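Mind looking at a prediction? Sequence and model below.
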Amino acid sequence: MQHNDRILNAFAQWPKVLIALSCGLFLTACNRQAQAPPPPPPEVATVTVARQRVELTTELPGRTSPFRIAEIRPQVNGLIQKRLFTEGSDVQAGQVLYQIDPAPFKAALDNAQAALDRAEASLPALQSKADRYKEALADKSVAQQDFDDANAALKQAVADMAYYQAMVETARINLDYTRVVSPISGRIGRSAVTDGAIATAYQPAALAAIQQLDPIYVDVPQSTTELLRLQRRLEEKRMNPNETNANQVDLILEDNTKYPLEGTLQFRDVSVDPTTGSVILRMVFPNPNGVLLPGMFVRTVVKEGVNEQGILIPQQAVSRDPKGNPLALIVNASGVVEQRMLTLDRAIGNQWLVTSGLLPGDRLIAEGMQKVQPGVPVTAVPFDDGRKPETKPGDAAQPASTSH
């Protein structure tokens, strides 16, 4: 009986033991939690904002056009005897392209020359007669009417000779026109006629066309909006246009390769196209190897000027608010995150050109923006974009291309 009582007492004590053990474990956990150190501040990678020399450029689409073009048309009527060039070849100014049958024009020249010779042959006799009548008129040996008739015949012969001289010159010009020559040097296209075709003077359809391709034009439309923006940047002195290479233009071909030779901005049109709201920029590019052909679509990189105090930041350091306004996060002197609203000018490669919102010396967060927010202390480490520096220490950075 006593044995059973002891067993019952033991079972009665189990809840108290369990409660004591639970309290002990809970107190131990609380003590450990109270003794755990706080988590370290999140780590972010930052770049130090600095001003630098930035070459501002604009990439615009355009199309090539020949430097000079000449459409070949005959200047006399006749039968084309021979085509004297190879289609698609280079021709020189003065080179004979077509030969028109010269026989009728040679006959016309001979006829005019014979008439001139006849007029010249009669002129001495008429001159001598007029001189004799003039002397005899002083002695009253001939009548005044006879002298007037002789003098009129002389003047008529002189006029006839001048007329036939003009006829000879006209016939000689027409005979020369039977040799259709190239007015310019360039590359000739296909021939619209073959041997034996009939040519008509100044016909609407050209026999062939010659295009001068070296150098070659590139015509580019620029919006008036961008033109006004450029003028505003100049007025605000954010850009220096007085550079020795300000008129140099780079060219990107249709396969996205860069054309090896630089061109020159020749002029900007003075009128605006009302249908497109743009003006035409005309560039001239050397084309010694004939890489550029008329009608090709290309992209030009036009140099606008230089911003001597530009600020460039990585594009990944810029985010947008719900309204689409650009903003960035910086680490202040106390190691706390701050938010800055930015004004961006344009993208240059993988960077943004910042107009306002940042100052030199600001530590801009380029990595780790997702795990921080304004007012949070952070640990800043230098940002490494993995690129090797392209300029020597002390050299100013000059980004090579710009896109909007």
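Noted; the coordinates are in hand.

what's the next secondary structure element after the helix or strand bottoming out on mean pLDDT in the chain?
Of all regular secondary-structure elements in the chain, judged by mean pLDDT, DSSP states H and E, the least confident is helix 2-35 with a mean of 51. Beyond helix 2-35 on the C-terminal side, the first helix or strand identified by DSSP states H and E is strand 43-48.

Give the partner strands of that following strand in its sheet and their orientations.
Strand 43-48 has its sheet partners listed here by DSSP bridges as strand 363-367 (antiparallel), strand 379-382 (parallel).

Look up the pLDDT of Thr391 for me, please.
On the pLDDT scale, Thr391 is placed at 41.

Over to Phe85?
At Phe85, the predicted lDDT confidence score is 93.

Can you get me a residue count around Thr276?
Taking other Cβ atoms under 10 Å as the neighbour definition, Thr276 ends up with a count of 11. C-beta: built from backbone N, CA, C; applies to glycine.

With Asp160 instead?
Neighbour count of Asp160, defined by other Cβ under 10 Å: 17.

what's near enough to touch it?
Asp160 makes contact with Ala119 under the criterion Cβ atoms under 8 Å, 6 or more residues apart in numbering.

Number the residues from 11 up from this point.
New numbering, starting at 11: the last item is Asp170.

Give me the three-state assignment for it.
Here Asp170 is recorded as helix under DSSP: H, G, I helix; E, B strand; the rest coil.

Next, find the distance separating it from Ala162.
Asp170 sits 12 Å away from Ala162, taking Cβ to Cβ, to the nearest Å as the criterion.

Equivalent analysis for Thr180, please.
Computed as Cβ to Cβ, the Thr180 to Ala162 distance reads 27 Å.

just checking, Tyr108 is part of a helix?
No. According to three-state DSSP, Tyr108 belongs to no helix; its state is strand.

where does it land on pLDDT?
We have a pLDDT of 96 for Tyr108.

Just give the nearest non-adjacent residue to it, would you?
Counting by Cβ to Cβ, 6 or more residues apart in numbering, Val190 is the residue found nearest to Tyr108 once chain neighbours are left out, at 4.0 Å.

again with Leu275
Closest to Leu275 by Cβ to Cβ, 6+ apart is Asn257, at 4.5 Å.

Report pLDDT for that neighbour.
We have a pLDDT of 73 for Asn257.

what about the spatially most central residue of the chain, which helix or strand?
Nearest to the mean C-alpha position of the chain, counting by Cα atoms, centre = their mean, stands Thr310 at 3.5 Å. Per DSSP H and E: Thr310 is located in strand 307-324.

count of residues packed around the closest residue to Met379 other than its chain neighbours?
Excluding the flanking residues, the one nearest Met379 by Cβ to Cβ, 6+ apart is Leu339, at 5.6 Å. Leu339 has 24 neighbouring residues, counting by other Cβ under 10 Å.

Just to check, Leu339 is in contact with Val347?
Yes. At 5.4 Å, Leu339 counts as touching Val347 under the criterion of Cβ atoms under 8 Å.

Need the overlap of contacts for the two.
Common neighbours of Leu339 and Val347 (criterion: Cβ under 8 Å, 6+ apart): Ile375, Val382, Pro384.

Neighbour-wise, give me the winner out of these.
Counting neighbours by other Cβ under 10 Å, the one among the shared contacts of Leu339 and Val347 with the most is Ile375, which has 22 neighbours.

correct me, but that residue touches Val341?
Yes. Under the criterion of Cβ under 8 Å, Ile375 is in contact with Val341, at a separation of 6.5 Å.

Next, show the common contact partners of those two.
Common neighbours of Ile375 and Val341 (criterion: Cβ under 8 Å, 6+ apart): Val54, Thr56, Val347, Val388, Ala390.

still on that earlier bit, helix or strand right after the strand holding Thr310?
Moving on from strand 307-324 towards the C-terminus, the next helix or strand you reach (DSSP H and E) is strand 329-330.

average pLDDT across the helix or strand following that following strand?
Counting by DSSP H and E, the element after strand 329-330 in chain order, helix or strand, is strand 336-341. Strand 336-341 carries an average pLDDT of 92.

Distance from the chain centre to strand 336-341, please.
36 Å (Cα atoms, centre = their mean, to the nearest Å).

With just CA atoms, put it into PDB.
Written as PDB, here are the backbone C-alpha positions of strand 336-341 (Å, rounded to 0.1, in the frame of the first residue of the first chain):
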ATOM      1  CA  PRO A 336      14.800  59.400 -62.300                       C
ATOM      2  CA  LEU A 337      16.300  59.100 -58.800                       C
ATOM      3  CA  ALA A 338      19.400  57.800 -57.200                       C
ATOM      4  CA  LEU A 339      20.700  56.800 -53.700                       C
ATOM      5  CA  ILE A 340      23.800  58.100 -52.200                       C
ATOM      6  CA  VAL A 341      25.700  57.500 -48.900                       C
END
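
Give me the angle between that strand and strand 373-377.
The directions of strand 336-341 and strand 373-377 differ by 110 degrees, with axes from the mean of the first three to the mean of the last three Cα atoms, to 10 degrees as the criterion.

list the helices and strands strand 336-341 packs on?
Using 3 or more Cβ pairs under 8 Å, 6 or more residues apart in numbering; DSSP states H and E, the elements in contact with strand 336-341 are strand 53-58, strand 329-330, strand 347-351, strand 373-377.

Each with direction, which strands does it pair with?
Going by DSSP bridges, the partners of strand 336-341 are strand 329-330 (antiparallel), strand 347-351 (antiparallel), strand 373-377 (antiparallel).

May I see the buried residues of that strand?
Residues of strand 336-341 classed as buried by neighbour count (16 or more other Cβ atoms under 10 Å): Pro336, Ala338, Leu339, Ile340, Val341.
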